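Make a model of this:
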Amino acid sequence: MTGWRDLLPVPLAAPETPTLRGARVRVIMGCAVLAATVLFFGELRTLARPLAFPWLGATFTFVIVQGWLWLKAKNAADDAWLMQGREDQDAA
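Numbering: from 1, shown residues only. From the prediction side, this is the model:
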């Protein structure tokens, strides 16, 4: 039985630039902070009652926006990587 990677005719991803790596790390760290916020939300409300819900909302918003921007940039980089050299082949 062949693996699913054998069925793909192209590489899975472009090389990661420092900008994309930074965005990926921000998404991962944002998810970790969001998970910790949700996990310890009761303690957060006890310690900082007026700031608990705004913190949760801000963290959630950060993860959504940063994740969307990272996916958009990653998709563009992957498309550029996969299409490089295609213009040369089409012109020949």
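
Count the residues that sit near V63.
By the measure other C-beta atoms under 10 Å, the count of residues near V63 is 20. No exception for glycine: its C-beta is placed from N, CA and C like everyone else's.

One more: G3?
Neighbourhood size, G3 [other C-beta under 10 Å]: 7.

Leaving out sequence neighbours, find the closest residue to C31.
The shortest distance from C31 to any non-neighbouring residue, by C-beta to C-beta, 6 or more residues apart in numbering, is to V63 (5.9 Å).

who's in contact with that neighbour?
V63 is in contact with 27, 30-31, 34, counting by C-beta atoms under 8 Å, 6 or more residues apart in numbering.

Where does pLDDT dip in this protein?
1-2, 4-12, 86-92 (pLDDT under 70).

about what we covered before: what are the buried residues along the host helix or strand of the residue nearest to C31?
In this structure, V63 sits in helix 49-83 according to DSSP states H and E. Across helix 49-83, burial judged by 16 or more other C-beta atoms under 10 Å covers 52, 55-56, 59, 62-63, 66-67, 70, 74, 77-78.

ok, so of the residues you listed, who is nearest A13?
Relative to A13, the closest of the buried residues of helix 49-83 is D78; by C-beta to C-beta it sits at 5.8 Å.

So D78 sits against T17, correct?
No. Contact criterion C-beta atoms under 8 Å: D78 and T17 do not qualify, at 11.7 Å.

contacting residues around whichever strand or helix holds A36?
Using DSSP H and E, A36 maps to helix 18-39. Helix 18-39 has contacts (C-beta under 8 Å, 6+ apart) with 16, 44, 55-56, 59-60, 62-63, 66-67, 69-70, 73-74, 77.
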